[in-house]
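Undergrad: Here is my input; please provide its structure:
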Amino acid sequence: MAMRLFLIYVLVELAVVVALVSTIGFGWTLLVVIGTFALGLVLAGSQMRRQIQQLRVGLAAPRGAVPDGALVALGTVLTVVPGLVTSALGLLLLLPPTRAAARPVVTALAARGLGRVPLIVTTAGNMHQPHRGEYIDGEVVDVTDVEQPRLPKHPDVA
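TA: Just a heads-up that it's a prediction; the model follows:
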């Protein structure tokens with residue numbers, strides 16, 4: 001599955017670059033690729049700062065904070081991945097109006113995905129492992145709970 005997705009990604013990106021080179025030339029295509037990458041990095045940096053500031057302020061809109069942060073992260077990754085199509089998708093996800101439109105879709109996909117996958121919560125195991133040579137001198141006492149003996153009932157008491 002992952003190999004097919006990667007093959008589709010490569011073919012789409014290659015088709016777009018070839019079409020752009022044949023339309024505007026190699027030099028302009030190279031400038032467009034570099035420009036979208038640079039614009040994506042600048043926009044990603046500003047949106048990341050904005051997300052961090054919202055978290056510091058106290059989440060003015062807590063309902064959209066998690067999907068918004070996930071979309072900013074996805075948009076940042078897509079702008080860093082080489083290619084015009086991924087950079088364009090990343091730029092779209094970094095724009096606040098587009099994120100507002102994509103937020104319900106991401107929330108629905110996450111809810112559907114969580115419904116299929118069991119949630120497993122574990123606690124951190126043995127956080128402190130003793131070094132070699134350290135030991136605890138102690139004694140193990142095996143305790144068995146037994147029922148307390150009851151006093152016999154007095155014949156005078158009813």
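Undergrad: tell me which element the residue nearest in space to the middle of the chain is part of?
TA: The centroid of the chain falls nearest to Ala70 when counting by Cα atoms, centre = their mean (6.3 Å). Ala70 is part of helix 62-80 when elements are defined by DSSP states H and E.
Undergrad: Count the neighbours of Ala102 for me.
TA: The local packing of Ala102 (other Cβ atoms under 10 Å) involves 19 other residues. (C-beta placed from N, C-alpha, C; glycine too.)
Undergrad: What of Thr79?
TA: Thr79 has 24 nearby residues by other Cβ under 10 Å.
Undergrad: Same check on Leu74?
TA: For Leu74, using other Cβ under 10 Å, the count is 17.
Undergrad: What residues does the residue nearest to it when sequence neighbours are not counted make contact with?
TA: In space, and not counting its chain neighbours, Leu74 is closest to Leu93: 5.8 Å by Cβ to Cβ, 6 or more residues apart in numbering. Leu93 makes contact with 71-72, 74-75, 78, 99, 102 under the criterion Cβ atoms under 8 Å, 6 or more residues apart in numbering.
Undergrad: From Gly138, how far off is Leu93?
TA: 58 Å (Cβ to Cβ, to the nearest Å).
Undergrad: Off-centre distance for stretch 13-21?
TA: Centre-to-centre, stretch 13-21 and its host chain are 31 Å apart (Cα atoms, centre = their mean, to the nearest Å).
Undergrad: I should have written stretch 77-97 there, sorry.
TA: 17 Å.
Undergrad: Just the CA trace of it, in PDB.
TA: C-alpha atoms of stretch 77-97 as PDB (Å, rounded to 0.1, in the frame of the first residue of the first chain):
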ATOM      1  CA  VAL A  77       5.500  18.600   6.300                       C
ATOM      2  CA  LEU A  78       3.900  18.900   2.900                       C
ATOM      3  CA  THR A  79       5.800  22.100   2.100                       C
ATOM      4  CA  VAL A  80       9.100  20.500   3.100                       C
ATOM      5  CA  VAL A  81       8.500  17.400   1.000                       C
ATOM      6  CA  PRO A  82       9.900  18.100  -2.500                       C
ATOM      7  CA  GLY A  83       7.400  18.700  -5.300                       C
ATOM      8  CA  LEU A  84       5.000  21.300  -6.600                       C
ATOM      9  CA  VAL A  85       1.800  19.400  -5.800                       C
ATOM     10  CA  THR A  86       2.700  18.700  -2.200                       C
ATOM     11  CA  SER A  87       4.000  22.200  -1.700                       C
ATOM     12  CA  ALA A  88       0.800  23.600  -3.000                       C
ATOM     13  CA  LEU A  89      -1.300  21.400  -0.800                       C
ATOM     14  CA  GLY A  90       0.900  22.300   2.200                       C
ATOM     15  CA  LEU A  91       0.400  26.000   1.400                       C
ATOM     16  CA  LEU A  92      -3.300  25.600   1.300                       C
ATOM     17  CA  LEU A  93      -3.300  23.800   4.600                       C
ATOM     18  CA  LEU A  94      -1.300  26.600   6.200                       C
ATOM     19  CA  LEU A  95      -3.800  29.300   5.200                       C
ATOM     20  CA  PRO A  96      -6.300  29.900   8.100                       C
ATOM     21  CA  PRO A  97      -9.400  30.000   5.900                       C
END
